[in-house]
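Q: Pasting a predicted model and its sequence here:
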Amino acid sequence: MADSEAAAPMRLVIFGPPGVGKGTQATRLVERLGVCHLSTGDALRDAIRAGGANAADLKACLDAGQLVPDELVASIIVDRLDQPDCRRGYILDGFPRTIGQAETLENLTRALGSALSAAVFIDAPDEVLIERIAGRRICPECGRSYHMSFAPPASPGKCDADGAALEQRGDDEPGAVRERLRVYGERTAPLLGFYRSREILVEIDGVADVDAIERQIAELLEAHAR
Ligand code: AMP
């Protein structure tokens, strides 16, 4: 990308079914674009680890594969988007997940005078998602994510960063995964039509390997920005 083009802040939404690799691609885009990364899933898991008054209710909701109420996640985003670090751009990873959340975001960006640059939609068939989720392990200390076959830690079962024993996310258990896929189809998939009608949708094939998906996103974002 030429220097003159790099100046405009990128404000992105990244969405798709559970296990498609949104978090991995969001992390890579953050490095590539130098923008801030806002993951509602990470914020909720941090809140559960911190053990506040509603931590047990939140954990039960996540472990069951359900969505938390719109107002709760919206408040996480509203608090962050107006912070100085987000003015050079941001990636919203896992938000919005419902049409109501998308409308809240649209009102917010309108009020801030900074419309979204693109909504990146990554998709893959259920069997690919289920295989990816089954092998996923996370570090309970730092939240870093691994895959037993595709992105294993250097030392089996241990986090590369802090050596903590890796765990399976509660909502990566098979029963919760089925529910997350159902909830995704019912509540989140309609975002495809929402962002298509706003003419900011960028569609990505999520079956390829991580590097190929990253290249695909970079190319399509560049073409979209022209
Ligand atoms: P993620 O890490 O994005 O897969 O999110 C993990 C879980 O956090 C989801 O399955 C939901 O239970 C909850 N969550 C994250 N983002 C949202 C959101 N925007 N709306 C409602 N629930 C959310």
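A: That came through fine.
Q: The residue lying closest to residue 45 once chain neighbours are set aside and residue 168, how far apart?
A: Distances taken as C-beta to C-beta, 6 or more residues apart in numbering place residue 143 nearest to residue 45, at 6.4 Å, with adjacent residues excluded. (Each C-beta comes from the backbone N, C-alpha and C, glycine too.) Noted for residue 143: a distance of 14 Å to residue 168, by C-beta to C-beta, to the nearest Å.
Q: In contact with the residue nearest to residue 45: list those residues for me.
A: Contacts of residue 143 were listed using C-beta atoms under 8 Å, 6 or more residues apart in numbering, and they are 42, 45-46.
Q: Could you identify which of those residues has the most neighbours?
A: Counting neighbours by other C-beta atoms under 10 Å, residue 45 comes out on top of the contacts of residue 143 with 20 neighbours.
Q: what about the closest residue to the ligand within the chain, which helix or strand?
A: As assessed by C-beta to the nearest ligand atom, the ligand sits closest to residue 41 within the chain, at 2.0 Å. In this assignment (DSSP states H and E), residue 41 forms part of helix 40-50.
Q: Dihedrals phi and psi, the residue nearest the centre of the chain?
A: Closest residue to the average C-alpha location of the chain: residue 93 at 2.7 Å, with C-alpha atoms, centre = their mean. Backbone dihedrals for residue 93, given as degrees, to the nearest 10, come out at phi -110, psi 110.
Q: related to what we said a few turns ago, dump the residue contacts of the residue of the chain closest to the ligand.
A: So, once contact is read as C-beta under 8 Å, 6+ apart, residue 41 ends up touching 23, 93-94.
Q: of all the residues you listed, which comes closest to residue 74?
A: Minimum distance to residue 74 across the contacts of residue 41 is 12.7 Å, recorded for residue 94 (C-beta to C-beta).
Q: is it true that the closest one touches residue 22?
A: Yes - assessed by C-beta atoms under 8 Å, residue 94 is found in contact with residue 22 at 6.7 Å.
Q: Check the average confidence over the helix ranked longest in the chain, would you?
A: Criterion DSSP state H: the longest helix present in the chain is helix 210-225. Computed over helix 210-225, the mean pLDDT rounds to 91.
Q: What helices and strands are in contact with it?
A: helix 22-33, strand 118-123, strand 201-205 (3 or more C-beta pairs under 8 Å, 6 or more residues apart in numbering; DSSP states H and E).
Q: Show me where the protein dips below the pLDDT cut-off.
A: 1-7 (pLDDT under 70).
Q: what about the strands in it?
A: 10-15, 36-39, 89-93, 118-123, 136-138, 145-147, 201-205 (DSSP state E).
Q: Could you dump those strands into TSV with distance to the ligand added?
A: Output for the strands of the chain, formatted as TSV (distance: least, C-beta to the nearest ligand atom, whole Å):
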stretch	distance to the ligand
strand 10-15	9
strand 36-39	6
strand 89-93	7
strand 118-123	12
strand 136-138	10
strand 145-147	9
strand 201-205	17
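Q: follow-up on the earlier one: what touches both of residue 94 and residue 22?
A: With C-beta under 8 Å, 6+ apart, residue 94 and residue 22 have common neighbours residue 15.
Q: Alongside the ligand, which residues does the protein contribute?
A: Residues of the chain lying close to the ligand by C-beta under 6 Å from any ligand atom are 18, 40-41, 44, 61-62, 66-68, 73, 94-97, 101, 171, 180.
Q: Out of those residues, which end up buried?
A: Buried members of the residues of the chain next to the ligand, scored by 16 or more other C-beta atoms under 10 Å, are 18, 40-41, 44, 61-62, 67-68, 73, 94-97, 101, 171, 180.
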